[in-house]
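K.L.:
sequence? don't have it. structure:
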């Protein structure tokens, strides 16, 4: 009897200890996010105060080392927005059709090959995308459009479009697969062709999942730095499709190593703006997921 | 029993993580202090990425001679190196530019070598010679076609470095184009510049003469090819100094002083030449 009690006691203790451990690990994640938030806000605010919020956000010229310096990040914000939109415009249709192929149309063998390749695409480091972009896409864009230089927004959009494919494909594929088979069967039984069924029944039914995929793609595209830095030219111009541009991410990355004083603080402020963008995207994502749960 | 094992394993892992953090912290702290470095005979240098080769050759040769001394190099950029030495985070700061006025108040700069900045173009480009003024006008956009300087009828693509790069600073200062350059690309390393110019027939770029390789061609400036002699005697116009930065009010550690003397002695000339830079005239 005594032994039994002891065993029970130790088991209870272990249970409590494990619970504590799990809780700690959970808290650790929250702690990291909090730390990053606090760090970014405290180091990002001073420069914004010095420069002035509207001068900072809507100033059209960035010349951090000039005398006197100007710190307007509108070119970066617009470039990031345009670049991301471009990547979504090109990447989402391709990704969505690929997901439909994988979920509904593909013969067994080809399907698994494509799926493996998509996974591989997701695992390629972004610097490799950048390198390929720099050596293949940039010269091709230059020759194709008869430009003096191929490092521009368009090249960056192409690279980003390829980079967002894996997340768009895998999330939309899951969403499409989750559509009840009965919907499809009913549509086919009513005489609709397979294509009609896919576009008029399956895709609308998987709508919120596909939107989630798009939002994830936006997140990936807006946060990408390395690959973009190697193909976009990195000059702080207002965005033009065939002009050299600098993204929010690359603005931080390209100057950080050398910066000092207000310039450095301003880079932190750019990071803060980027962080707010990502936060907004996450909020949108959460709202969509919540909406989906309520609907379903 | 299984639970026990998992629990033990989890604890061990956690302990591993904790100690991992611990050692990390202490090591970074000792780096920050810079005091520990002296006792273990380490000479820490920090700064200009363009000086990597020079400092690499110097420190390697020096360490071969003195086995108990270790010379470290942290490639952070000229401004960062100057900041590091003024904050005492390293023994010697490395800068590929002269000190700014506000930096001169508590820091001393000693020229260790001269770096010629090569103006590089694509090997397919027929242009062979430019003047400093032409280079400046090309970069400010006043000259925008190669035919204006004797080349083909093609637009000029200006490749440069990111703001605050030592090479860019040196280049813009010599050519009088400070903050007026209209770049088509701002790249973050010398290698990227060479690579990009090699890949674009209409591009022009600037890079340390040491980094110029066969994939691009360095043009002569006002008839003077960038060679050791022309850089040393100042005939080749586009050049800048590599300097060792030290604190005025604090003396160097014994090891650091010895390395400093070695680097600025005649002994170092060959090494500096091997590293692709030009030793100072003695």
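P.N.:
Okay, I see it. All values derive from a computational prediction rather than experimental measurement. Residues are numbered from 1 along each chain as shown, chains lettered A, B, ... in the order given.

K.L.:
which residue is the nearest non-sequential neighbour of residue B:120?
P.N.:
Spatial nearest neighbour of residue B:120, excluding adjacent residues (Cβ to Cβ, 6 or more residues apart in numbering or on different chains): residue B:216 at 4.2 Å. The way it works is simple: take the backbone N, C-alpha and C, and place the C-beta from them, glycine included.

K.L.:
same check, this time on residue B:227
P.N.:
In space, residue B:227 is closest to residue B:236, 7.3 Å off (Cβ to Cβ, 6+ apart).

K.L.:
which bits of chain A sit near chain B?
P.N.:
A:11, A:14, A:17-18, A:21, A:63-67, A:134-135, A:138-139, A:142, A:148-151, A:229-230, A:233-235, A:244, A:246, A:253-255, A:257-260, A:263 (Cβ under 8 Å from any Cβ of the partner chain).

K.L.:
make it 6 Å
P.N.:
A:14, A:64-66, A:139, A:148-149, A:151, A:233-235, A:244, A:254, A:257-258, A:260 (Cβ under 6 Å from any Cβ of the partner chain).

K.L.:
contact partners for the residue nearest to residue B:120?
P.N.:
B:120, B:194, B:197-198 (Cβ atoms under 6 Å, 6 or more residues apart in numbering or on different chains).

K.L.:
need the longest helix for chain A.
P.N.:
Taking DSSP state H as the criterion, chain A has its longest helix at helix A:2-51.

K.L.:
coming back round to it: of the contacts of residue B:216, which is the most crowded?
P.N.:
In terms of neighbour count, residue B:197 stands highest of the contacts of residue B:216 at 29 neighbours, by other Cβ atoms under 10 Å in any protein chain shown.

K.L.:
for the helix or strand where that residue lies, which positions count as buried?
P.N.:
Taking DSSP states H and E as the definition, residue B:197 sits inside helix B:190-199. Buried residues in helix B:190-199, counted by 16 or more other Cβ atoms under 10 Å in any protein chain shown: B:190, B:192-199.

K.L.:
quick one, longest strand in chain B?
P.N.:
strand B:107-121 (DSSP state E).

K.L.:
quick one, strands of the stretch 51-200 of chain A?
P.N.:
A:62-63, A:70-71 (DSSP state E, counting those that start in this stretch).

K.L.:
repeat that for chain B.
P.N.:
For chain B, the strands defined by DSSP E occupy B:42-47, B:70-75, B:92-95, B:107-121, B:129-130, B:157-161, B:185-187, B:203-208, B:217-218, B:220-221, B:239-247, B:278-279.

K.L.:
quick one: residue B:199 from residue B:170, how far?
P.N.:
For residue B:199, the distance to residue B:170 (Cβ to Cβ, to the nearest Å) stands at 24 Å.

K.L.:
who does the residue nearest to residue B:223 when sequence neighbours are not counted bridge with?
P.N.:
Among residues not flanking residue B:223 along the chain, residue B:129 sits closest, at 6.1 Å (Cβ to Cβ, 6+ apart). Taking DSSP bridges as the rule, residue B:129 bridges to residue B:220.

K.L.:
hmm, residue B:220 and residue B:129 touching each other?
P.N.:
Yes - if you go by Cβ atoms under 6 Å, residue B:129 and residue B:220 touch, sitting 4.8 Å apart.

K.L.:
follow-up on the earlier one: among the residues of chain A next to chain B, show me the least confident.
P.N.:
Least confident by pLDDT among the residues of chain A next to chain B: that is residue A:258, with 64.

K.L.:
and the longest helix of chain A, how far out from the chain middle?
P.N.:
Put simply, helix A:2-51 sits 27 Å off its chain's centre (Cα atoms, centre = their mean, to the nearest Å).

K.L.:
give the other helices and strands that it contacts.
P.N.:
Helix A:2-51 is packed against helix A:261-295, with contacts defined by 3 or more Cβ pairs under 6 Å, 6 or more residues apart in numbering or on different chains; DSSP states H and E.

K.L.:
can stretch B:203-215 be found next to chain A?
P.N.:
No - Stretch B:203-215 lies apart from chain A when judged by Cβ under 6 Å from any Cβ; the minimum separation is 7.3 Å.

K.L.:
and the end-to-end length of that stretch?
P.N.:
13 Å (Cα to Cα, to the nearest Å).

K.L.:
could you give the average pLDDT over it?
P.N.:
87.

K.L.:
what residues sit buried inside that stretch?
P.N.:
Buried residues in stretch B:203-215, counted by 16+ other Cβ under 10 Å: B:203-212.

K.L.:
and residue B:124, its phi and psi?
P.N.:
phi -80, psi -10 (degrees, to the nearest 10).

K.L.:
how far away is the residue nearest to it when sequence neighbours are not counted from residue B:216?
P.N.:
The spatially closest residue to residue B:124, leaving aside those adjacent along the chain, is residue B:201, at 4.9 Å (Cβ to Cβ, 6+ apart). As judged by Cβ to Cβ, residue B:201 and residue B:216 stand 11 Å apart.

K.L.:
now swap in residue B:78 and tell me
P.N.:
Residue B:78 sits at a distance of 24 Å from residue B:216 (criterion: Cβ to Cβ).

K.L.:
confidence score at the most centrally placed residue in chain B?
P.N.:
With distances taken as Cα atoms, centre = their mean, the residue of chain B nearest its centroid is residue B:50 (1.8 Å). pLDDT recorded at residue B:50 is 74.

K.L.:
surely it touches residue B:96?
P.N.:
Yes - if you go by Cβ under 6 Å, residue B:50 and residue B:96 touch, sitting 4.4 Å apart.

K.L.:
hey, what's in contact with both of the two?
P.N.:
What both residue B:50 and residue B:96 touch, as defined by Cβ under 6 Å, 6+ apart, is the set residue B:166.

K.L.:
got any ranges where the stretch 1-150 of chain A has weak pLDDT?
P.N.:
In the predicted model, the stretch 1-150 of chain A carries pLDDT under 70 at residues A:1.

K.L.:
surely residue B:209 is in contact with residue B:118?
P.N.:
Yes - counting by Cβ under 6 Å, residue B:209 does reach residue B:118; the two are 4.4 Å apart.

K.L.:
got any residues that touch both of those two?
P.N.:
Joint contacts of residue B:209 and residue B:118 (Cβ under 6 Å, 6+ apart) are residue B:226.

K.L.:
per-residue pLDDT of residue B:183, please?
P.N.:
Residue B:183 carries a pLDDT value of 90.

K.L.:
likewise residue B:163?
P.N.:
On the pLDDT scale, residue B:163 is placed at 79.

K.L.:
also residue B:31?
P.N.:
pLDDT, residue B:31: 41.

K.L.:
tell me where the model's unsure across chain B.
P.N.:
Across chain B, the ranges flagged by pLDDT under 70 are B:1-40, B:164.

K.L.:
not counting its neighbours along the chain, what's nearest residue A:46?
P.N.:
The nearest residue in space to residue A:46 (Cβ to Cβ, 6+ apart) is residue A:265, at 5.5 Å.

K.L.:
no, scratch that, I was asking about residue B:159
P.N.:
Closest to residue B:159 by Cβ to Cβ, 6+ apart is residue B:205, at 3.8 Å.

K.L.:
also residue A:141?
P.N.:
residue A:150 (4.0 Å).

K.L.:
next: residue B:198.
P.N.:
Distances taken as Cβ to Cβ, 6+ apart place residue B:215 nearest to residue B:198, at 3.8 Å, with adjacent residues excluded.

K.L.:
measure how far stretch A:38-56 is from the centre of its chain, please.
P.N.:
Put simply, stretch A:38-56 sits 24 Å off its chain's centre (Cα atoms, centre = their mean).
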